[in-house]
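Enquirer: Quick one: sequence and predicted model below, then my questions.
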Amino acid sequence: EKFLLEKAEDNTPLEQFGIVSVCAGNGIEDLFKSFGVNQIVSGGQTMNPSIEDIIKAIKSCHAKNVFVLPNNSNIIMAATQAADVIEGINVLVVPTKTIPQGMSACQAFNPDLDSSNNYEEMKKAIKLVKSGSVTYAIKDTVIDGVEVKKDQFMGIEGKAIKVCVDDKFEALYSLISSMVNDESYLITVLTGEDISEKQCSQLEEKLQNDYPEIDIAVSRGNQPVYSFLVGVE
């Protein structure tokens, strides 16, 4: 079934570009909007949005060219299917697998470029980001030779578990130190709904002391499930 582009009632002209981002957490939503995202689709690790949700967001951009940032490897397929059924809009799915990748893609967007050049620039940007996260284990298990105990915190880079400890902050610091190298110039941390305002500012202070040569950006993401989402560029 093809979804045809319905004309807006007020016949306002179409925008040249729109950006749709999939994410969970009101702080992350606000950040994406500040980076120029027009429509947010709720979804993330534990709740994948439907193809219909994505189609609706694409159409709501009211634009000729719409970039979609799935920000999760499980959502890329649904985004691609949404793009396939929409007619009359040039939909480009940027294959972002993480929130930090999505944020880098947004920041690489340049309204002065055409859609295909923007698409290439956004894809280039996501290759330069290392993504990590800290979340808790739901059961005792062994993953990739790392022993994991229920309720411990795992520091994960990409899909690899780098550390598993009782304290979420210790997991974060250890994870960051394994992600940073001599070329790193920016560490972004998005704090989850379980992290207080005070912990957030202490964290920022500690990272600035630990990595004086690197720009530190700590923001309240308020995302569920993940105490921290980390991007290193």
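Expert: Cool, got the structure.
Enquirer: Name every strand pairing with whichever strand or helix holds Leu92 and say which way it goes.
Expert: For Leu92, the enclosing helix or strand under DSSP states H and E is strand 90-93. Sheet pairing of strand 90-93 (DSSP bridges) gives strand 63-69 (parallel).
Enquirer: How far off centre is the strand it pairs with?
Expert: Here the centre of strand 63-69 is set off from its chain's centre by 17 Å, with Cα atoms, centre = their mean, to the nearest Å.
Enquirer: Output that strand in CSV, but only the C-alpha positions, please.
Expert: The C-alpha trace of strand 63-69 is given here as CSV (Å, rounded to 0.1, in the frame of the first residue of the first chain):
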residue,chain,number,x,y,z
ALA,A,63,9.4,18.8,3.4
LYS,A,64,10.7,17.7,0.0
ASN,A,65,13.7,15.8,1.4
VAL,A,66,13.5,14.1,4.8
PHE,A,67,16.4,12.5,6.6
VAL,A,68,15.5,9.7,9.1
LEU,A,69,17.8,8.9,12.0
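Enquirer: Could you list every helix and strand in contact with the following helix or strand past it?
Expert: Later in the chain than strand 63-69, the nearest helix or strand by DSSP H and E is helix 76-85. If contacts are counted by 3 or more Cβ pairs under 8 Å, 6 or more residues apart in numbering; DSSP states H and E, helix 76-85 sits against helix 51-60, strand 63-69, strand 90-93. No exception for glycine: its C-beta is placed from N, CA and C like everyone else's.
Enquirer: Tell me the buried residues in helix 76-85?
Expert: For helix 76-85, a neighbour-count test (16 or more other Cβ atoms under 10 Å) marks Ile76, Ala78, Ala79, Thr80, Ala82, Ala83 as buried.
Enquirer: quick one: it to strand 63-69, angle?
Expert: Relative orientation of helix 76-85 versus strand 63-69 (axes from the mean of the first three to the mean of the last three Cα atoms, to 10 degrees): 170 degrees.
Enquirer: Look up how far Gln39 lies from the residue nearest the centre of the chain.
Expert: Centroid check for the chain by Cα atoms, centre = their mean gives Ile99 as the closest residue, at 1.1 Å. Distance, Ile99 to Gln39, using Cβ to Cβ, to the nearest Å: 16 Å.
Enquirer: just Pro212 next, same as before
Expert: In terms of Cβ to Cβ, Pro212 sits 38 Å off from Gln39.
Enquirer: which residues does Val146 bridge with?
Expert: Applying DSSP bridges to Val146 gives these bridge partners: Ile143.
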